[in-house]
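[1] here is a sequence together with a model predicted from it:
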Amino acid sequence: MTPLSTYSADHQLLVQEAAAAANLIDPVAFTPGGYLYTLVTNAIPSPLVPIRGALVRLWVTRSKFYPNATFGIRPYTLEGIRFARCIANIDQSYDQNGYDIFVVSRADYLKLFRKVLKLCRTQTCTALPPVLPDEQLEVLRQNTLGYLERDNLKRIKNLGGRPKRGLLLTGPPGNGKTSACRWLWEECQRHGYEYQIVSPDAYQAARRSCNPVQAVRDLFTVNRCGIIFFDDMDVALRDRDTVRETDDQAVFLSALDGIQVNEGVVYVFTTNCSLELIDPAFKRPGRIDLVLHFHLPDAHLRRRLMDRWHDDLKAGINLDVAVAQTAGYSFAEVEELKNLLILRYLDTHRWEWAWAMEQFNENRADLAKQQRHLGFAHLATASPNGSHGE
Ligand SMILES: Nc1ncnc2c1ncn2[C@@H]1O[C@H](COP(=O)(O)OP(=O)(O)OP(=O)(O)O)[C@@H](O)[C@H]1O
Ligand SMILES: [Mg+2]
């Protein structure tokens, strides 16, 4: 048996088993890709069914999204249409996608797809975008979700443009770069776009593999229209001239350049490394088309962040004072003050802004003290009696 004939035999068996479990007629198999979340979170699950007598349950708490099995069939119903998810993780050496399939009756196949599409379009977005100046949020939206809109991509392709776009989000820590990615990621789910999140660990693992260029390229590839997020990749993006050259950049850039884009893809990179330190080769058009800087919030934006706080909290403090006293704070620091206020409230049943500010400054001072003892540079200057130098 070749791997192909083994797979096709397995596939037929899985489709038959799923059809029997969910009462499907003339079953067809599919993979929902970016529509997975919408499809399964809106459907009503039925109890798990074994495959040829085998069922392995999986313990997870967010049961609505996960099928809660590594081996078995989960039938579902979405607005009267029956379908099933069949998972058979038989062997880690297989491409598991082929062993995680959805099955529906042929007569319902298009109906199901249209229903999911409609749900994607009509469902209200639960995730709030980060607080940003209106025009910056619009630029972010236009260059990511707007760019991937079918009509937009069609126009670009007809005019001979590249269906590939790179964005770099920069700025000091705690001002919304990762929050922006999180929001876009949820919007991708809602629109049925594919998305991929490349973590520093996944990147390093790909770098260490036997074919790093291909492995990194795989990380940066989506099969359909979508966004690839590459959060906090400072190490890979530093300038070769100012920072010691590593072959990291070479691998990274050649992987990025070698990707064939069939539909449309947006790369979103984030870093809090300053723009001058980033390799000019990486910043050139074609790799990065747009840089968005996430600044510290001004009074207006801090106010908008606080407007999102709980009504009780807002009624319990003087917001004008809070806005004025947080000048120069990042969004994350303003949010930390909110958390301190809430913790204090649980103890005292009072909203004590002055206490929160004091506690915040104390915590910052403690952290600054500890930081002086962290890092390798200080070990070299450690005094003979073992204490660390400053
Ligand atoms: N623009 C923003 N609007 C609303 N909340 C924000 C914003 N920026 C930061 N926050 C709050 O601060 C937290 C940390 O922010 P985030 O992780 O987005 O920062 P970052 O810019 O990615 O920082 P880093 O450079 O350290 O990775 C968020 O979880 C959120 O609570
Ligand atoms: Mg971040």
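    Received, thanks. Ligands and ions are numbered 1, 2, ... in the order given.
[2] can you show me the strands along the stretch 251-390 of the chain?
    265-271, 290-293 (DSSP state E, counting those that start in this stretch).
[3] and the longest one, anywhere near ligand 2?
    No - counting by CB under 5 Å from the ion, ligand 2 is not contacted by strand 265-271; separation bottoms out at 5.6 Å. C-beta: built from backbone N, CA, C; applies to glycine.
[4] immediately after the lengthiest strand in the chain, which helix or strand?
    Using DSSP state E, we find that the single longest strand of the chain is strand 69-78. Downstream of strand 69-78, the next assigned helix or strand under DSSP states H and E is strand 81-88.
[5] which residues touch that following strand?
    Strand 81-88 is contacted from outside by 10, 14-15, 17-19, 21-24, 40, 43, 49, 51, 67, 69-77, 99-105, 108, 111-112, 115, using CB atoms under 8 Å, 6 or more residues apart in numbering.
[6] between that strand and strand 69-78, how many degrees?
    In terms of direction (axes from the mean of the first three to the mean of the last three CA atoms, to 10 degrees), strand 81-88 departs from strand 69-78 by 170 degrees.
[7] partner strands of strand 81-88 and their direction?
    The partner list of strand 81-88 in its sheet, established with DSSP bridges, is strand 69-78 (antiparallel), strand 100-105 (antiparallel).
[8] mind listing the strands for the stretch 1-150 of the chain?
    Secondary structure of the stretch 1-150 of the chain by DSSP E, counting those that start in this stretch: the strands cover 27-30, 44-45, 56-57, 69-78, 81-88, 100-105.
[9] measure the closest residue to Glu335 other than its chain neighbours to Lys177 for me?
    Spatial nearest neighbour of Glu335, chain neighbours left out: Leu305 (7.3 Å); criterion: CB to CB, 6 or more residues apart in numbering. Per CB to CB, to the nearest Å, Leu305 is found 15 Å from Lys177.
[10] those two: who's more crowded?
    More crowded of Leu305 and Lys177, by other CB atoms under 10 Å: Lys177, with 25 against 18.
[11] give me the element the residue of the stretch 51-200 of the chain found nearest ligand 2 is part of.
    Nearest residue of the stretch 51-200 of the chain to ligand 2: Thr178, at 3.2 Å (CB to the ion). Using DSSP H and E, Thr178 maps to helix 177-191.
[12] show me what that helix is packed against.
    Applying 3 or more CB pairs under 8 Å, 6 or more residues apart in numbering; DSSP states H and E, one finds that helix 177-191 makes contact with helix 36-42, helix 106-122, strand 164-170, strand 194-198, strand 226-230, strand 265-271.
[13] state the mean pLDDT of stretch 52-65.
    The average of the pLDDT scores along stretch 52-65 is 80.
[14] still on that earlier bit, relative to Thr326, which of the strands paired with strand 81-88 is closest?
    Thr326 lies closest, by CB to CB, to one member of these: strand 69-78, at 46.5 Å.
[15] contacts for that closest one, please.
    Contacts to strand 69-78, defined as CB under 8 Å, 6+ apart, come from residues 17-18, 21-22, 39-40, 42-46, 48-51, 54-58, 67-68, 82-90, 112, 115-116.
[16] picking up where we left off before, most packed of the strands of the stretch 1-150 of the chain?
    Of all the strands of the stretch 1-150 of the chain, strand 81-88 carries the top mean neighbour count, a mean of 24, counting by mean count of other CB atoms under 10 Å.
[17] got the angle between it and helix 106-122?
    With the same axes, to 10 degrees as the basis, strand 81-88 and helix 106-122 are set at 90 degrees to each other.
[18] could you dump stretch 112-123 to PDB, C-alpha only?
    Extracted C-alpha coordinates of stretch 112-123, given in PDB (Å, rounded to 0.1, in the frame of the first residue of the first chain):
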ATOM      1  CA  LEU A 112     -24.200  24.800   5.100                       C
ATOM      2  CA  PHE A 113     -21.500  26.900   3.500                       C
ATOM      3  CA  ARG A 114     -23.900  29.800   2.800                       C
ATOM      4  CA  LYS A 115     -25.300  29.700   6.400                       C
ATOM      5  CA  VAL A 116     -21.800  30.000   7.800                       C
ATOM      6  CA  LEU A 117     -20.900  32.800   5.400                       C
ATOM      7  CA  LYS A 118     -24.000  34.700   6.500                       C
ATOM      8  CA  LEU A 119     -23.200  34.100  10.200                       C
ATOM      9  CA  CYS A 120     -19.700  35.400   9.700                       C
ATOM     10  CA  ARG A 121     -21.100  38.600   8.100                       C
ATOM     11  CA  THR A 122     -23.900  39.300  10.500                       C
ATOM     12  CA  GLN A 123     -22.400  38.300  13.800                       C
END
